[in-house]
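Visitor: model this:
(chains A and B, ligands or ions: 2)
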Amino acid sequence: MTQRPNDSSREPLLEVRNLNTTFKTETGTVQAVRGVNWEIYPGEFLGVVGESGSGKSVTMASIMGLVPTPPGSVGADSVTFEGKDLLSLNERQMRRIRGHEISMIFQDPMTSFNPVHTIGNQISEAIRVHDSKMTRRAAKKRSIELLSLVGVPSPEVRFAQFPHEYSGGMRQRAMIAMAIANQPKLIIADEPTTALDVTIQAQILDVLNLIQEETDAATILITHDLGLIAEMSDRVLVMYAGKVVETATVFELFADPKHPYTLGLLASLPRLDSQLDSLLSIPGQPPSLITPPTGCSFHPRCDLTKGRSECRSELPVLVEASNGHHTACHFWDEMTEIAEVVTDTVGIDVRSSVET
Amino acid sequence: MLRYLLRRILIAIPVLLGILFLAFVMTRALPGDPLLMMMSIEEFEASEEFLETRREQLGLSDPLPVQYITWVGEVVQGNLGVSFHRRANVAEVIAGRIGPTALLTGTAVFMALAVGIPTGVIAAIRQNSWFDYTSAAGSMLAISIPNFFLGLMAIYVFSLQLGWLPTGGLNTLGAEPSFVDSLRHLIMPAGVLAAVLIGPYVRYTRQSMLDVLHQDYITTATAKGVKRSSILIFHGLRNALVPLTTVVAIQIPALLAGTVIIETIFTWPGMGQLVLEGISRRDYPIIVGVVLVSAVLVMVFNLLADLLAAVLDPRIRL
Ligand SMILES: Nc1ncnc2c1ncn2[C@@H]1O[C@H](COP(=O)(O)OP(=O)(O)OP(=O)(O)O)[C@@H](O)[C@H]1O
Ligand SMILES: [Mg+2]
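Guide: Ligands and ions are numbered 1, 2, ... in the order given. You can find the predicted model right below:
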């Protein structure tokens, strides 16, 4: 685990304040992101977890101006990237950010490349749109360098091939090459390995790690895999129903979770050292984002609430439980107790489960 | 690639034989005697024996299977026979008509694409806007109006009322042939013919564009910082064109059918006019000749469309 200093005296690279994103649909307005606040520091590796539909991808799309409007609508007090408020930029200024200052790696390498253009041309395009003086030939040379950097064998040949001639893993490498083409300050990887098989996953993560060490770009890794988070991140953001419910350094989060949802995630991790047959899963269904539960949106599924009315009526805000460790739970100070109960029933301490 | 071409040609042979058979059966099933149709008044007075000899000469007195086999034998050797009515070699007659028909249909397809693709693209980009609805209604209208009616209306408005365009023909008779003159003759029949095509072109371009614009690679391109207009062209339209090639090819038989009516209305000396004349005079060799040539043309253009699709989309293996 590479632990980079999380020195709060430093200026954040990106600071998101009260971001809200909604989608108008036939059945009602989906509140996909509901007033989230977070930041990432230069060179930091931030992991983002949360179950499907918790608003991870929409949060990132909102920052990048990739939310289709309509049906979407994005609002925030501010989204500050290196002193610029991204939401107030016009389309032209925003284009200079995309793929240049902030770039993205998407989940499905099978569908994320245009099938009718060569991989090489698509990487070259990413270079040339941000540098009008770059010749076709120079862009090609640079693309080949990038392909070789991410471990694509015989990059000269691969440059001229179409996406369907690449395997899934190779495509994701090419996607990473394209993302780092302009030396961005922030790379957002949205479940970059979900669509790949396990052996390939590890290779892609190695490439991501290598890239991060080489370029020192801040990286956001969205994943469902807490194991990955433990291995790669400095700090973690836990999202639930369109809100950030907990943020902490990776060590703190695993050793001392301060939100019952996080504990549930830890408990649902598959473990090699346990004889547990079935995974502990969080009971109940993810809440509707059209009519989210009142108060704390996790309360219908929460063990900690014990029927207390605050959970139902009062919206918990992110509070600092300890230095740099924030949680949005009314009763976070009871978490240690609860964790012990889980340990007793499961027979192992879920909080130590990911210390690899 | 070569194997693919060879296979396509081999498949074409039984298809053509089938078409020959159908064409033969259908012409022979037409009521009316070609001999009576082609006779002059004097010949009408002629004796039964005269008719018999003529029939004999034209091979019409043999039993039908014999007629069929003799005729297929000739066709295979490239001999389409002699027109009963024109008393000229069918191949030569048709050769003289292909040019005008090619000009007319080519222009019609070009006009329809030139209008249909941009309209479809804009309708897709502005989905559910007034433009989208208007273009959908417009294409609906263009398909629903029978083209003989549209043709007559066009002649009434642009030739008779406004006097802007000639009512028909390839050029002004007796005048010095000029490009402008030809264009003025071409524009109206080609436009009317194009009207039938525009609707499908708009619909398919719009649909295919909408499909493409929802693909992940469009998001990737946006996230790279590519301009919207470049995305629409290089990643959007470029991909949307692939299914459109098939649509154009599928429309070709309908297009050729359209020429029969349009060429007749606008006295355009092409294959469509020729075949209609052939039908009304029971000129079997002409009818079958045109049917055969049309069938070959349709197959050739379908093959070309498939080749073009393979060029446009590297995933398509031939
Ligand atoms: N274009 C859209 N129209 C309507 N609703 C949308 C749209 N895009 C996203 N949503 C909704 O926003 C919510 C958050 O989706 P999001 O994709 O951010 O989830 P996620 O956390 O990334 O999930 P996953 O882990 O499955 O990727 C979901 O309920 C989703 O249905
Ligand atoms: Mg997602």
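Visitor: and the helices in the stretch 51-200 of chain A?
Guide: Under the criterion DSSP state H, counting those that start in this stretch, the stretch 51-200 of chain A contains helices at A:56-64, A:91-97, A:119-128, A:136-149, A:155-159, A:168-179, A:198-215.
Visitor: wait, I meant the stretch 101-250 of chain B
Guide: B:130-144, B:147-154, B:179-213, B:216-224, B:228-230, B:238-265.
Visitor: dump the ones you listed to TSV, plus mean pLDDT, distance to residue A:122 and mean neighbour count.
Guide: The way it works is simple: take the backbone N, C-alpha and C, and place the C-beta from them, glycine included. Compiled in TSV, the helices of the stretch 101-250 of chain B are given as follows (pLDDT from 0 to 100; distance: least, CB to CB, whole Å; neighbours: other CB atoms under 10 Å in any protein chain shown):
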stretch	mean pLDDT	distance to residue A:122	mean neighbour count
helix B:130-144	90	30	15
helix B:147-154	87	44	17
helix B:179-213	90	15	21
helix B:216-224	95	8	23
helix B:228-230	93	12	12
helix B:238-265	90	12	20
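Visitor: and the residue nearest in space to the middle of chain A, what are its phi and psi?
Guide: Centroid check for chain A by CA atoms, centre = their mean gives residue A:222 as the closest residue, at 2.5 Å. Dihedral pair for residue A:222: phi -90, psi 130, per degrees, to the nearest 10.
Visitor: return the residues in contact with it.
Guide: A:48, A:49, A:56, A:57, A:60, A:188, A:189, A:190, A:191 (CB atoms under 8 Å, 6 or more residues apart in numbering or on different chains).
Visitor: spell out which parts of chain B neighbour chain A.
Guide: By CB under 8 Å from any CB of the partner chain, the residues of chain B that approach chain A are B:215-217, B:219-228, B:230, B:234-235, B:238-239, B:242, B:312-315.
Visitor: near ligand 1, which of those show up?
Guide: Among the residues of chain B next to chain A, none lies close to ligand 1 by the criterion of CB under 6 Å from any ligand atom.
Visitor: so which pair among the contacts of residue A:222 is furthest apart in space?
Guide: Across the contacts of residue A:222, the longest distance by CB to CB is 14.6 Å; it joins A:49 and A:188.
Visitor: ok, these two, which is more surrounded?
Guide: Between residue A:49 and residue A:188, counting by other CB atoms under 10 Å in any protein chain shown, residue A:188 is the more crowded of the two (28 against 25).
Visitor: that one contacts residue A:102, doesn't it?
Guide: Yes. Using CB atoms under 8 Å, residue A:188 is in contact with residue A:102, at 6.7 Å.
Visitor: intersection of neighbour lists for these two?
Guide: Residues touching both residue A:188 and residue A:102 (CB under 8 Å, 6+ apart) are residue A:64.
Visitor: buried sites along stretch A:81-90?
Guide: Going by neighbour count (16 or more other CB atoms under 10 Å in any protein chain shown), the buried part of stretch A:81-90 is A:81, A:86, A:87, A:89.
Visitor: mind putting the helices of the stretch 101-250 of chain B in TSV, distance to residue A:67 included?
Guide: Below are the helices of the stretch 101-250 of chain B laid out as TSV (distance: least, CB to CB, whole Å):
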stretch	distance to residue A:67
helix B:130-144	22
helix B:147-154	45
helix B:179-213	15
helix B:216-224	11
helix B:228-230	15
helix B:238-265	23
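Visitor: looking at those, spot the one closest to residue A:205.
Guide: So among the helices of the stretch 101-250 of chain B, helix B:216-224 is nearest, using CB to CB, at 20.5 Å.
Visitor: ok, residues contacting the closest one?
Guide: A:64, A:66, A:98-99, A:103-104, A:106, A:108, A:111-115, A:125-126, A:129, A:175, A:178, B:212, B:228, B:231, B:234-236.
Visitor: select only the buried ones of those in ChimeraX?
Guide: Selection of buried members from the contacts of helix B:216-224 for ChimeraX, criterion 16+ other CB under 10 Å:
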select /A:64,66,98,99,103,104,106,108,111,112,113,114,115,125,126,129,175,178 /B:212,231,234,235,236
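Visitor: just the ones of the contacts of helix B:216-224 in strands?
Guide: Taking DSSP state E, the ones among the contacts of helix B:216-224 that sit in strands are A:103, A:104.
Visitor: pLDDT wise, what is residue 8 at?
Guide: Because you didn't say which chain, this covers chain A. On the pLDDT scale, residue A:8 is placed at 52.
Visitor: hmm, no, I was thinking of chain B.
Guide: On the pLDDT scale, residue B:8 gets 83.
Visitor: hang on, residue A:30 in a helix?
Guide: No. With DSSP: H, G, I helix; E, B strand; the rest coil as the criterion, residue A:30 is located in strand rather than a helix.
Visitor: so it touches residue A:287, yeah?
Guide: No. Using CB under 8 Å, residue A:30 is not in contact with residue A:287; the gap is 11.7 Å.
Visitor: and the closest residue to ligand 1 within the stretch 251-356 of chain A, how close does it get to chain B?
Guide: For the stretch 251-356 of chain A, the residue closest to ligand 1 is residue A:289, as judged by CB to the nearest ligand atom, at 4.9 Å. Distance, residue A:289 to chain B, using CB to the nearest CB, to the nearest Å: 21 Å.
Visitor: fine by me, thanks again.
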